[in-house]
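> Okay, sequence plus prediction incoming.
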Amino acid sequence: MFTTSHDGGATFSRTRNIIDTAPTMFTLQAVSRANGFAQIAIDPRGGAKGGRLYLTWSDYRNGDVDVFCSTSADHGETWSPAVRVNDDPSHNGADQFFQWMAIDPADGAAYVVFYDRRGDPKNRQQIVALARSTDGGRTFQNYAWMDQPFDAQGVFMGDYNGISALNGRVYGVWTQKPENKSSAGSQDRPPVTTCTQLRPLNPNLTPATVRGLHVPGGSGPAANTHDNAFPSLPLTNASGLDIP
Ligand SMILES: [Ca+2]
């Protein structure tokens, strides 16, 4: 549902359905509960380049959970058909979920962070993935934001993921369960950040796709980074990536 206000939030237009989804409450293996709650974002740039609205959510219309995006170039009057953000084959039994989105106000690039289980035939272990669109949400390039998949083993996690972008630098924050630790035991150790490089998730993509990506503190796309940036927040990771 969608509504707009033109008076600073004092009044809102009548709500209306702008896009149909499959149910956005669903059950996934190895997490205590899950949802595909929507986020909305705007390209804040002025002029002809700015103002595009982006809507992202997750649902299981294809049999497994995918991340979707719809956009509006006319202030929400009309919306594009849903675009599948994750670029693995449709209906392959792999869930992508707990997405969050940011638009870089410098260049209008759209970024979506999400968990991705395409690498696990059992559809239990996930990595964190990043999708980037530079064509107004029509297509998304997918990258792996961490190398080592993890099994959440049924913990309560995910709603608190986040992402922010400015001048091509992208920051993601997500929840991750260290391997071989109980939920309680994991409180005893700093978060484990396994983000070492961005690599394309789509096997059809060549390494050149990520050439030019710069990981702070490193020397290119294969550089190691990372910092336990928030050691007081167990299970939470943060990392920044420069994307020119
Ligand atoms: Ca999927």
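Here it is on my side, so go on.

> Show me the contact partners of stretch 16-32.
1-3, 33-38, 55, 57-61, 65, 68, 70, 72, 76, 79, 82, 95, 97, 122-125, 151-158 (C-beta atoms under 8 Å, 6 or more residues apart in numbering). C-beta coordinates here come from the backbone N, C-alpha and C atoms, glycine included.

> what comes into contact with the host helix or strand of Trp57?
Assigned by DSSP states H and E, Trp57 belongs to strand 53-59. Here strand 53-59 makes contact (C-beta under 8 Å, 6+ apart) with 18-19, 21-24, 26, 35-43, 65-73, 75-76, 79, 85, 96-99, 101, 103, 110, 112, 114, 137.

> what secondary structure does the nearest residue to Tyr54 once chain neighbours are set aside sit in?
Among residues not flanking Tyr54 along the chain, Ala41 sits closest, at 4.7 Å (C-beta to C-beta, 6 or more residues apart in numbering). Of the three states, Ala41 takes strand under DSSP: H, G, I helix; E, B strand; the rest coil.

> got a list of what Ala41 touches?
Leu53, Tyr54, Thr56, Met101, Ala102, Ile103, Ala110.

> taking those as a set, which two sit the farthest apart in space?
Across those, the longest distance by C-beta to C-beta is 13.7 Å; it joins Leu53 and Ala102.

> From Ala110, how far off is Asn167?
Distance of Asn167 to Ala110, given as C-beta to C-beta, to the nearest Å: 15 Å.

> so how far is Thr134 from the nearest residue to Ala34 once chain neighbours are set aside?
Excluding the flanking residues, the one nearest Ala34 by C-beta to C-beta, 6+ apart is Leu28, at 4.4 Å. Separation of Leu28 from Thr134 (C-beta to C-beta): 30 Å.

> ok, now Pro89?
Going from Pro89 to Thr134 by C-beta to C-beta gives 23 Å.

> the more surrounded of these two?
More neighbours surround Thr134 than the other of Pro89 and Thr134, with 15 against 11 (other C-beta atoms under 10 Å).

> Let me know whether the more buried one touches Ile103 as I believe.
No - here Thr134 does not reach Ile103: they are 11.2 Å apart, not a contact under C-beta atoms under 8 Å.

> list residues touching both of these two?
Common neighbours of Thr134 and Ile103 (C-beta under 8 Å, 6+ apart) are Ala109, Ala110.

> just to revisit the earlier point, strands paired with the helix or strand following the strand holding Trp57, and their directions?
Once strand 53-59 ends, the next helix or strand along the chain (criterion: DSSP H and E) is strand 66-72. If you go by DSSP bridges, strand 66-72 pairs up with strand 53-59 (antiparallel), strand 83-84 (antiparallel).

> mind putting those in CSV, distance to the ion and mean neighbour count included?
Converted to CSV, these look like this (distance: least, C-beta to the ion, whole Å; neighbours: other C-beta atoms under 10 Å):
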stretch, distance to the ion, mean neighbour count
strand 53-59, 9, 24
strand 83-84, 8, 16
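
> need these in TSV with mean pLDDT, can you?
Formatted as TSV, the strands paired with strand 66-72 follow (pLDDT from 0 to 100):
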stretch	mean pLDDT
strand 53-59	98
strand 83-84	98
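
> Of the ones you listed, give the one that comes closest to Asp7.
For Asp7, the closest of those is strand 53-59, at 18.6 Å, according to C-beta to C-beta.

> In strands, which of the contacts of stretch 16-32 appear?
Per DSSP state E, strands hold the following members of the contacts of stretch 16-32: Ala34, Asn35, Leu55, Trp57, Ser58, Asp59, Phe68, Ser70, Ser72, Phe97.
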